[in-house]
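Visitor: no sequence on hand, only this structure:
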């Protein structure tokens, strides 16, 4: 049995939200901070290790982005086409995508604190770079609205930088240190029980900040809470995010928020591993992501289209498109492109699973689809594609199909230029939407709607989103509520 211990602030978790919170607490005056990471050292970091970790935040456009990446090449800077992203833009995107269900106060907190949180990260030592543009046209780089930068080196780069900053500030990080109990009740939390590889011990503190992730890596919890065979989905992120800390706190009387039947569920390669899909070498995103569907069509195992691939740019639809795939026969689909669509693809797919053929009928045979059905689906789609307006990959172009039961609202161009390709996809979950209810100071509320004294939270463990969410908002949430949690934990205690 290890010796019982105490500190000023306990941070449960070792991912980006946990580092945000720990560094914020230290900068706010806490002396001794202990981070408890469930995973071994080689696997620390939660979902950030498997993500490109982009950020969506209120900003004034290309000039402000240059402040975040000060060593930017002048020619590259002149190629940027980045419009300002206002408070109203961000709030409108959240309102539309969560169907008005997200807590209004928390939405405003997320949006209003977003710019300051990203600049704070830069101030404490985090370095930034641009994400890959979604279109390069006439020498101009176009980015999806509200998104342009991520931490240099992607998710692993962010973790490496945060660890160096945290250890430089004297923050202690303990690996292989799962929390097996929370000490306290619905009114006050004052410590945790740690079941480490070297023994068990109690750790008490003035404040506990829960940043232990969602429950997406637990098939049992997915089956219990999520809809539609969710225990079968592939997990894009950490295998260690299995929801124990969330469950302990709910059992103690913490209030819940967010949509417990949903999560960030996107299309990934059907041959992806069941857990922890790998990143590109440069950190710019997941190698298994299949987000190019706006420039082609998607069909299910019956050879039929089943959703509007061109509803909006992928950053506003990808987190719900995996659920649409999950609901199809066999929970699989095929993304189909001709060479025009292939040229518009944003991600390098030389290692992707795909089939290629000179005719749609031959493509169907290679994929196991009925040739007559797939041929009819493609011909019907082609006939519904308008000649005008012109195709424009830089924005929603209004090039919509006519008189189809399942429309395509933008980028509807005929699939006629061989060879044709089909990429098999399935549903991959990144994080769950259900979690702890917090207030605008990142305090966890109990079922009496009161703050649980000494308890704060940030990251995937908090419940914010419903139905869908704007891309890159998760990392912004971590920065905003992690910073608030660290500061509140010191001010209140």
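Guide: On my side now, so go ahead. Fair warning: this is a prediction, and the values are worked out from it, not measured in the lab. Residues are numbered from 1 along each chain as shown.
Visitor: contacts and neighbour counts: CA atoms only from here.
Guide: Noted.
Visitor: isn't residue 141 right up against residue 131?
Guide: No. Assessed by CA atoms under 8 Å, residue 141 is found out of contact with residue 131, at 10.7 Å.
Visitor: what residues of stretch 242-262 count as buried?
Guide: The neighbour-count check on stretch 242-262 (16 or more other CA atoms under 10 Å) flags 242-250, 252-262 as buried.
Visitor: one more: stretch 208-228?
Guide: Here stretch 208-228 shows 208-219, 221-222, 225-226, 228 as buried, counting by 16+ other CA under 10 Å.
Visitor: those in helices, which ones?
Guide: Counting by DSSP state H, those place 219, 221, 222, 225 in helices.
Visitor: give me the nearest residue to residue 377, chain neighbours excluded.
Guide: Nearest-residue entry for residue 377: residue 304, 6.2 Å, with adjacent residues in sequence omitted and distances by CA to CA, 6 or more residues apart in numbering.
Visitor: where does that neighbour land on pLDDT?
Guide: The model reports residue 304 with a pLDDT of 98.
Visitor: pretty sure it sits against residue 375.
Guide: No. Under the criterion of CA under 8 Å, residue 304 is not in contact with residue 375, lying 10.0 Å apart.
Visitor: and this structure, what are its domain boundaries?
Guide: Here the domain parsing of the chain from automatic domain parsing is 5-259+433-491, 263-428.
Visitor: mean pLDDT lowest where, among these?
Guide: When the domains of the chain are ranked by mean pLDDT, domain 263-428 comes last with a mean of 90.
Visitor: now that domain: how far from the chain's centre is it?
Guide: In terms of CA atoms, centre = their mean, to the nearest Å, the centre of domain 263-428 is found 20 Å from the chain centre.
Visitor: how about stretch 126-143: buried residues?
Guide: Going by 16+ other CA under 10 Å, stretch 126-143 has these buried residues: 126-136, 140-143.
Visitor: which single one of those residues is nearest to residue 329?
Guide: residue 134 (31.0 Å; CA to CA).
Visitor: what's near enough to touch the closest one?
Guide: 141, 142, 143, 144, 346, 394 (CA atoms under 8 Å, 6 or more residues apart in numbering).
Visitor: name the nearest residue to the third one, ignoring sequence neighbours.
Guide: The shortest distance from residue 143 to any residue other than its chain neighbours is 5.0 Å, reached at residue 133 (CA to CA, 6+ apart).
Visitor: distance check, that neighbour against residue 186.
Guide: 47 Å (CA to CA, to the nearest Å).
Visitor: ditto for residue 428
Guide: From residue 428 across to residue 186, the span is 34 Å (CA to CA).
Visitor: more neighbours, these two?
Guide: Legend: neighbour count by other CA atoms under 10 Å for residue 428 and residue 186, higher for residue 428 (33 against 22).
Visitor: returning to that earlier point: check contacts around the residue nearest to residue 377.
Guide: Neighbour list for residue 304: 298, 373, 374, 377 [criterion: CA under 8 Å, 6+ apart].
Visitor: please identify which pair of the residues you listed lies farthest apart.
Guide: Among the contacts of residue 304, 298 and 373 lie farthest apart (CA to CA), at 13.5 Å.
Visitor: one step back: which one of the buried residues of stretch 126-143 is nearest to residue 103?
Guide: Nearest to residue 103 among the buried residues of stretch 126-143 is residue 143, at 28.1 Å by CA to CA.
Visitor: quick check: phi and psi at that closest one.
Guide: In terms of degrees, to the nearest 10, the main-chain angles of residue 143 are phi -120, psi 150.
Visitor: pretty sure it contacts residue 79?
Guide: No. Judged on CA under 8 Å, residue 143 makes no contact with residue 79 at a distance of 11.3 Å.
Visitor: tell me which residues of the helix or strand that residue 75 is a member of come out buried.
Guide: If you go by DSSP states H and E, residue 75 is part of helix 74-79. Using 16+ other CA under 10 Å as the test for burial, helix 74-79 gives 77, 79.
Visitor: would you map the strands across the stretch 251-400 of the chain?
Guide: Along the stretch 251-400 of the chain, counting by DSSP state E, counting those that start in this stretch, strands occupy 256-257, 263-269, 297-300, 333-337, 355-357.
Visitor: of these, which is nearest residue 406?
Guide: Nearest to residue 406 among those is strand 297-300 (11.0 Å), distances taken as CA to CA.
Visitor: so what does the closest one touch, helix or strand wise?
Guide: Helices and strands touching strand 297-300, as assessed by 3 or more CA pairs under 8 Å, 6 or more residues apart in numbering; DSSP states H and E, comprise strand 333-337.
Visitor: list the strands paired with the strand it packs on, with their directions.
Guide: Paired neighbours of strand 333-337 in the sheet (DSSP bridges): strand 297-300 (antiparallel), strand 420-432 (antiparallel).
Visitor: contacts only, for residue 417.
Guide: Counted by CA under 8 Å, 6+ apart, residue 417 has contacts 338, 339, 340.
Visitor: which of the residues you listed lies closest to residue 478?
Guide: residue 340 (38.1 Å).
Visitor: tally of neighbours for that closest one?
Guide: Residues within reach of residue 340, counting by other CA under 10 Å, total 17.
Visitor: what sits against the closest residue to residue 400 other than its chain neighbours?
Guide: Nearest in space to residue 400, with sequence neighbours left out and distances taken as CA to CA, 6+ apart, is residue 409 at 4.3 Å. Applying CA under 8 Å, 6+ apart to residue 409 gives the contacts 308, 309, 310, 311, 312, 398, 399, 400, 401.
Visitor: please apply the same query to residue 109.
Guide: Residue 109 sits next to residue 440 when contact means CA under 8 Å, 6+ apart.
Visitor: so where does it fall, helix or strand?
Guide: Using DSSP H and E, residue 109 sits within helix 104-124.
Visitor: now that helix: buried residues?
Guide: Of all the residues in helix 104-124, those buried under the rule 16+ other CA under 10 Å are 106-118, 120-122.
Visitor: run the angle between the helix or strand hosting residue 90 and helix 104-124 for me.
Guide: For residue 90, the host element (DSSP H and E) is helix 87-97. Orientation of helix 87-97 against helix 104-124 (axes from the mean of the first three to the mean of the last three CA atoms, to 10 degrees) gives an angle of 130 degrees.
Visitor: what is helix 87-97 packed up against?
Guide: Helices and strands touching helix 87-97, by 3+ CA pairs under 8 Å, 6+ apart, are helix 104-124.
Visitor: all helices for the stretch 251-400 of the chain, in order.
Guide: 318-326, 339-343, 360-367, 371-384 (DSSP state H, counting those that start in this stretch).
Visitor: so of these, which one's packed in deepest?
Guide: Most buried of these, by mean neighbour count (mean count of other CA atoms under 10 Å): helix 318-326, with a mean of 25.
Visitor: quick one: contacts of that helix?
Guide: Taking CA under 8 Å, 6+ apart as the rule, helix 318-326 contacts 228-230, 233, 263-268, 291, 300, 306-307, 331-333, 425-429, 467-469, 471.
Visitor: which among the residues you listed count as buried?
Guide: Once neighbours are counted (16+ other CA under 10 Å), the buried part of those comes down to 228, 230, 233, 263-268, 291, 300, 306-307, 331-333, 425-429, 467-469, 471.
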